[in-house]
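In: show me the folded form of this:
(chains A, B and C)
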Amino acid sequence: MRGGTRVRWAGCAVAAGLMATACGGGAGFGGPGVMTSSWSDPQNPLEPSNTNEVQGGKVLDMVFRGLKRYDPRTGKAQNMLAERIDTTDSRHFTVTVRNGWRFSNGEPVTARSFVDAWNYGASLRNNQKNAYFFGYIEGYGQVHPDSGAQTADTLSGLRVTGPRTFTVTLSQKFSSFPDTLGYVAYAPLPRTFFTDHAAWLSRPVGNGPYQIESYTKGSAMNLKRWDAYPGPDPARNVGVTLLVYTDSNTAYTDVLAGNLDLVDDVPASQLKNVETDLNGRYINTPAGILQTLAFPYYDPKWNTSGARKVRTGLSMAINRRQITETIFRGTRTPATDWTSPVLGTAGGYRPGLCGHACDYDPAQARRLIEEGGGIPGGRLTITYNADTGSHRQWVDAVCNSINNALGDDRACVGNPVGTFADFRNQITQHKMTGPFRAGWQMDYPLIQNFLQPLYYTGASSNDGKWSDKRFDRLVDRANAETAQPTAVRLFQQAEKVVRDNMAAIPLWYQNGSAGYTARLSHVALNPFSVPVYNEIKVG
Amino acid sequence: MPEQSYEPEGAIAGTGMGGAMDLGVSEAATLERTPGGPGGTGPAGRPRSLWSDAWRDLRRNPVFLISGLVIAFLVLISLWPSAIASGSPLKCDLAKAQDGAGPGAPFGYDGQGCNVYTRTVYGARTSVTVGVLATLGVAVAGSVLGALAGYFGGVWDSVLSRVTDIFFAIPVVLGGLVLLSVVTSKTVWPVIGFMVLLGWPQISRIARGSVITAKQNDYVQAARALGASDSRILLRHIAPNAVAPVIVVATIALGTYIALEATLSYLGVGLKPPSVSWGIDISSASPYIRNAPHALLWPSGALAVTVLAFIMLGDAVRDALDPKLR
Amino acid sequence: MGRYVARRLLQMVPVFIGSTLLIFLMVNVMGDPIAGLCGERACDPATAAQLKREFGLDKPLWQQYATYMGNVFTGDFGTAFNGQKVTELMGAAFPVTVRLTIVAILFEIVVGVSLGVLTGMRRGRPVDTGVLLATLVVISVPTFVTGLLLQLLLGIKWQWISPSVRYGSYDELIVPGLVLASVSLAYVTRLTRTAIAENRRSDYVRTAIAKGLPRRRVVVRHLLRNSLIPVVTFIGADIGALMGGAIATERIFNIHGVGFQLYQGILRQNTQTVVGFVTVLVLVFLVANLLVDLLYAVLDPRIRYA
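Out: From the prediction side, this is the model:
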């Protein structure tokens, strides 16, 4: 294998003439003990309740710690800033914040840091895209009405009762509410966030193991270990430099050349040679992402009992194993339920719940589709957006698989839509006439998050407008259930309703993948496919 | 600067194939005739024109004959792909993805397990149609508008050139996403129309520049002094002397249009599946160049041969039109 | 001459207004950009409405355009969806793209014209055929593949260059510039070749040779000068295309330039970004075309502008 140091020297020799920075002692771009990692520009301002994609989440995960934190390995919610979260009825919660936590500017983290942050996130005035996370808290309707002006500025369900205690009142029972609090939207915010917002945005200040040293939009962010970090998980490296890349393939090439330490999205075209390229410095671990095909139930053709058989038949016409192995090279695993392996069986993941309906069986697929009256409209079009991800490849492969099973070259075709915004618009305006791509990345590792937002009547991400009273009732009962195992069992019963109707065809569980240079060790991805930066050792 | 004092034959030649004044038409004319072999020259005894001279030259030019044969072959497989390829280009078996050559698949299989040979043969129809028609459209529209701007100058030039500027400003990606996403037709026509709409300014600029230069020649001034009409001067005296750069740009552009079709498809606004084209296959094979170069090689090779044929054809036509080479 | 330039500069005003309006309309036709901001779920209607108000998307189109143009004349190009000022984005993107374009244009002029003269003087010889074959490769293999292979070979295998651009300096941009210029190189070479071959037999060249001028002087002063008009026209029109359309090259070599930002802006339907960038590009087009027209008169003294 090629030596990393030598390569770096070559790269530096070129750069040295122009800039007197970097390239000292073979430490690469960021200096000794500092690692570099690939990044792309966050799409929204870096406010915790406004960040809904991985790139912004990556930064916030380094800079913030919330009441709970999901264990990077198991995904289990554990207390971080929370000393206790007490409830007797799954509706009224009392939160006690641990003593001794501070923001990196020295300000102590108090109950108010949380309550102010949550009120900010919920308020319609602030345009926060994650506002709906506060939707369970009482008074949300006044702070964030569906239409018209807001009648209150703060959530009536939040009350500061002491320097380190506050109470939360929900509008309905939700037993797993404490476990959702690891999501970044619930992070505490320092006073400067409110008093000097512009300055905060250009250099966010938080309470996590890293502090932001400099941020140049569109090119790089330098994060340094915060030496006074009071938490149990301090950074084991001196710092992280996030470099914005135009393309993950370029980042990958830079890792090969030793110009970059970590690429956390190995491009599909390199997966075949990644093991030899990087000499095994490649990880591929499950993430809480499920890809499905959703259906438009507002189209009467898809909302019949015959169509249910057709959907099951289509599911059986897809050779998931072959596609995940050939197209994705093992970075996806064939799905056999509607959740994710990262939940663990105790959390509600149930392999095989889908049963034979998720197995490849072309003969029965053909029979079921025939019995169901054939594909509605005669031809299946799978709609997807062409601008992000490499969806074309797997959609073509799924269509080829269905075509081969049905013995008709033109039974299924992909229908690309130019932009993601246009794709979303067509979905919200109910313009779909056949199945469409649906990817779900969990917000927090709970079975509730894989079911309720997607299949509950009128839920925020129920794009196909599927509705089933039995499912809704089971979810309501599960949310009200205080005992965790019982709640999980009820959710699984609800999941069976989804299965029996094949409300959406589960395709595969998505993994996170990363490649890194020999400088790094202890590299791991958490269940959100974000590198666990604070545990990485450099040198 | 040395004075130019010769009078090219063409400038004073008599009647003939009057209509074929620019690349577009003359190319179409030669295209039509090629499959049937040489033929169609003006009967002996009629006064020789530049255009009939050119045609006589062409018939004896081996470069022209070879390129004609290649183009004829491309037209044939576009019309009857099944003559040389069995099976369907849409029949793909993922189990064979990226496999090398095998029985029935001399070029191997692509990333989806489709037969590269079959797809290359079937892709000819779309790609050749898009390439040739878009080029013709661009060449005709561009050279007519460019020649008008260059010849008449003044207000004509100002208006036409500034319109060209505005068209230049439209990014291809934006134009494609806006204009093509509203089209529901599954044919190649919207794609061709789009290419002509965004492609003509390039040829127009080139043609305008050439016409401005050619206009300065003494024989043009002489023709004008003799009272020749504008259309006669443009067609007889200027066009043959200004057409060379247009031919050069158009023949190369033909290849880029075939590739552009794939770009549009990848933006989700070009030809929708299940259409088959070289461009689509080239772009989908490109990222896998390290693992399966053969899937890229063959459609790219087909594209290269096509472009070569048209470049040679263009060269031959240009030579035939140049009296100095006689 | 002075009046001609003045008139051309005046003409820029309607073109400027026309093209910004056109682009403004086109981005708007693409539909509601807000839906793309909320990830894989529907934006809640209240937030979506609020965002629309904030970005001024709820106003009638003519009013949006008027407000936008008013702001542009005070130097305010608006704000992208992620809160970044468009002027800031342009300040980061244009310098590196200008450098990349300069490198590419230099390749076109130096390599393209030299090869064109060489092949034009030696038509049908092996060197002519060799250049023709190279042209075919360049046209039929996508820039993406050429860039990727050069990056792998020069950057990883032989380690001559850094595979990605980090500071955007000229030496880092040599290989990307070559990749970017490759297709245009084909055009320039063949345009020069054809013009040279055509003019070689002109009387003035024969005269010059007969006068006993050295061959080199004949080629450069007489032959080349009279052959350059189509080439200059092409390169002039190419400047804008290279600046705005280097999407593949900029992606492969990690250049955060105009092509990349414009592409991102279009996909995210970020009107402010797109119109801002295109506005500047239009100015580049206009100036480049004016220069080309003035060059005509330099290259061919018979051409006069009144």
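
In: going by C-alpha atoms from here, please, whenever you check contacts or count neighbours.
Out: Will do.

In: flag every residue of the stretch 101-250 of chain C that's near chain A.
Out: For the stretch 101-250 of chain C, the contact set with chain A under Cα under 8 Å from any Cα of the partner chain comprises C:152, C:155-156, C:159-164, C:167, C:169, C:171-172, C:250.

In: and the helices in the stretch 151-300 of chain C?
Out: When assigned using DSSP state H, counting those that start in this stretch, the helices of the stretch 151-300 of chain C occupy the ranges C:174-199, C:203-210, C:215-217, C:225-244, C:247-252, C:258-267, C:271-299.

In: do the same with the stretch 251-400 of chain A
Out: In order along the chain, the stretch 251-400 of chain A carries the following helices (DSSP H, counting those that start in this stretch): A:274-277, A:305-317, A:320-326, A:344-347, A:362-371, A:391-406.

In: export the helices of the stretch 151-300 of chain C to JSON lines and tack on distance to residue C:68 and mean pLDDT?
Out: Output for these, formatted as JSON lines (distance: least, Cα to Cα, whole Å; pLDDT from 0 to 100):
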{"stretch": "helix C:174-199", "distance to residue C:68": "33", "mean pLDDT": "92"}
{"stretch": "helix C:203-210", "distance to residue C:68": "55", "mean pLDDT": "84"}
{"stretch": "helix C:215-217", "distance to residue C:68": "54", "mean pLDDT": "84"}
{"stretch": "helix C:225-244", "distance to residue C:68": "22", "mean pLDDT": "90"}
{"stretch": "helix C:247-252", "distance to residue C:68": "26", "mean pLDDT": "89"}
{"stretch": "helix C:258-267", "distance to residue C:68": "17", "mean pLDDT": "90"}
{"stretch": "helix C:271-299", "distance to residue C:68": "8", "mean pLDDT": "89"}
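
In: dump the ones you listed into JSON lines; add distance to chain B as well.
Out: Formatted as JSON lines, the helices of the stretch 151-300 of chain C follow (distance: least, Cα to the nearest Cα, whole Å):
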{"stretch": "helix C:174-199", "distance to chain B": "6"}
{"stretch": "helix C:203-210", "distance to chain B": "5"}
{"stretch": "helix C:215-217", "distance to chain B": "13"}
{"stretch": "helix C:225-244", "distance to chain B": "6"}
{"stretch": "helix C:247-252", "distance to chain B": "10"}
{"stretch": "helix C:258-267", "distance to chain B": "6"}
{"stretch": "helix C:271-299", "distance to chain B": "6"}
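
In: distance of the closest residue to chain C within the stretch 251-400 of chain A relative to residue C:160?
Out: Residue of the stretch 251-400 of chain A nearest chain C, by Cα to the nearest Cα: residue A:257 (5.6 Å). To residue C:160, residue A:257 is 11 Å away according to Cα to Cα, to the nearest Å.

In: also residue C:300?
Out: Distance from residue C:300 to residue C:160, by Cα to Cα: 43 Å.

In: ok, the two, which is more surrounded?
Out: Neighbour count, other Cα atoms under 10 Å in any protein chain shown: between residue C:300 and residue C:160, residue C:300 has more, with 18 against 15.

In: and that one, its phi and psi?
Out: Dihedral pair for residue C:300: phi -130, psi 100, per degrees, to the nearest 10.

In: now swap in residue A:271 and tell me
Out: Per degrees, to the nearest 10, the backbone of residue A:271 is at phi -60, psi -30.

In: that one contacts residue A:332, correct?
Out: No - between residue A:271 and residue A:332 there is no contact under Cα atoms under 8 Å: 11.9 Å.

In: three-state assignment of the residue in chain B positioned nearest to chain A?
Out: Of all residues in chain B, residue B:268 sits closest to chain A, at 4.7 Å by Cα to the nearest Cα. For residue B:268, the secondary-structure state derived from DSSP: H, G, I helix; E, B strand; the rest coil is coil.

In: please list all residues in contact with it.
Out: A:385, A:386, A:387, A:415, A:416, A:417, A:418 (Cα atoms under 8 Å, 6 or more residues apart in numbering or on different chains).

In: run the last query once more with 7 Å
Out: Residues in contact with residue B:268 (Cα atoms under 7 Å, 6 or more residues apart in numbering or on different chains) are A:386, A:416, A:417, A:418.

In: so how far is residue A:128 from it?
Out: 31 Å.

In: how about residue C:172: what's its closest non-neighbour residue?
Out: Distance criterion Cα to Cα, 6 or more residues apart in numbering or on different chains; nearest residue to residue C:172, sequence neighbours excluded, is residue C:165 at 5.9 Å.

In: tell me the contacts of that neighbour?
Out: C:172, C:253, C:254, C:255 are the contacts of residue C:165 under Cα under 7 Å, 6+ apart.

In: apply 10 Å and report the result again.
Out: By Cα atoms under 10 Å, 6 or more residues apart in numbering or on different chains, the residues touching residue C:165 are A:15, A:245, A:250, A:254, C:171-173, C:176, C:250, C:252-256.

In: report the two of those separated the most.
Out: Spatial extent of these (Cα to Cα) is set by the pair A:245 and C:171 at 19.6 Å.

In: more neighbours: which of the two?
Out: Taking other Cα under 10 Å, residue A:245 and residue C:171 do not tie; residue A:245 has more neighbours (28 against 17).

In: give me the pLDDT for that one.
Out: Residue A:245 is assigned a predicted lDDT (pLDDT) of 93.

In: do residue A:209 as well
Out: Looking at residue A:209, its pLDDT stands at 97.

In: just give me the neighbour total for residue A:394.
Out: For residue A:394, using other Cα under 10 Å, the count is 17.

In: centroid residue for chain C?
Out: residue C:242 (2.3 Å; Cα atoms, centre = their mean).

In: could you say which helix or strand holds the residue lying closest to that one once chain neighbours are set aside?
Out: In space, and not counting its chain neighbours, residue C:242 is closest to residue C:101: 6.2 Å by Cα to Cα, 6+ apart. Residue C:101 is part of helix C:86-107 when elements are defined by DSSP states H and E.

In: confidence score at the closest residue to residue C:56 other than its chain neighbours?
Out: Distance criterion Cα to Cα, 6+ apart; nearest residue to residue C:56, sequence neighbours excluded, is residue C:64 at 6.8 Å. Note on residue C:64: pLDDT of 88.

In: count of neighbours near residue C:64?
Out: 16.

In: next secondary structure after the lengthiest helix in chain A?
Out: Longest among the helix segments of chain A by residue count, using DSSP state H, is helix A:484-501. Following helix A:484-501 in sequence order, the next helix or strand is strand A:504-516 (DSSP H and E).

In: sorry, back to before: nearest to residue B:313, out of the helices of the stretch 251-400 of chain A?
Out: Closest to residue B:313 of these is helix A:391-406 (Cα to Cα; 37.4 Å).

In: touching chain B at all, the helix or strand just after the closest one?
Out: Going down the chain from helix A:391-406, the next helix or strand is strand A:412-417, by DSSP H and E. Yes - with Cα under 10 Å from any Cα of the partner chain as the criterion, chain B is reached by strand A:412-417 at A:412, A:413, A:414, A:415, A:416, A:417.

In: let me know the pLDDT of residue A:22.
Out: Note on residue A:22: pLDDT of 36.

In: all the helices of the stretch 101-250 of chain A, in order from the start?
Out: Counting by DSSP H, counting those that start in this stretch, the segments of the stretch 101-250 of chain A that form helices are A:111-122, A:140-143, A:177-180, A:191-195, A:197-202, A:248-257.

In: sounds good, over and out.
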